[in-house]
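**Student:** can't give you the sequence, but here's the structure:
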């Protein structure tokens, strides 16, 4: 009985160690064409990422420049004398009055033509 179990175990062990096919050696295969393709893809991806980073840096620099311009314009506005501000305010008010009177004139003309 033991001999039979031993024989079955020995056959099972020998079958499990036999290579599945004659051509399979179990050694790793290095595919140079695939490696080159992967390397080129990685290099292109890296180049694309670098270009994206440069574009973002340019945008950040542009925004910083615009912020500086706004600061300078705000400083210039602060430095304007109050008289200039009052003059601009009165000119704007005068333009509003002209716009209102022209609207009234337009409505009166349309009533006359009816």
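**Tutor:** Received the coordinates, thanks. Remember, it's a predicted structure, so these values are computed and weren't measured experimentally. Numbering: from 1, shown residues only.
**Student:** all contacts plus neighbour counts: C-alpha atoms, from now on.
**Tutor:** OK.
**Student:** shaky segments in the chain?
**Tutor:** The chain contains residues with pLDDT under 70 at 1-25, 105-106, 108-114.
**Student:** show me where it has helices.
**Tutor:** Taking DSSP state H as the test, the helices found in the chain are 2-17, 32-79, 82-113.
**Student:** now do the second one against helix 82-113, angle only.
**Tutor:** Read it as helix 32-79. 90 degrees (axes from the mean of the first three to the mean of the last three C-alpha atoms, to 10 degrees).
**Student:** how far off centre is helix 32-79?
**Tutor:** Average the C-alpha atoms of helix 32-79, do the same for its chain, and the two points are 10 Å apart (C-alpha atoms, centre = their mean, to the nearest Å).
**Student:** what packs against it?
**Tutor:** Helix 32-79 sits against no helix or strand, with contacts defined as 3 or more C-alpha pairs under 8 Å, 6 or more residues apart in numbering; DSSP states H and E.
**Student:** returning to that earlier point: of the helices of the chain, which approaches residue 26 most closely?
**Tutor:** Proximity to residue 26, assessed across these by C-alpha to C-alpha, is greatest for helix 2-17 (11.7 Å).
**Student:** hang on, the earlier thing: I'd like the helices of the chain as CSV, with distance to residue 26 and mean neighbour count appended.
**Tutor:** Listed next are these as CSV, based on distance: least, C-alpha to C-alpha, whole Å; neighbours: other C-alpha atoms under 10 Å:
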stretch, distance to residue 26, mean neighbour count
helix 2-17, 12, 10
helix 32-79, 18, 12
helix 82-113, 87, 11
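**Student:** that concludes my questions; thank you for your assistance.
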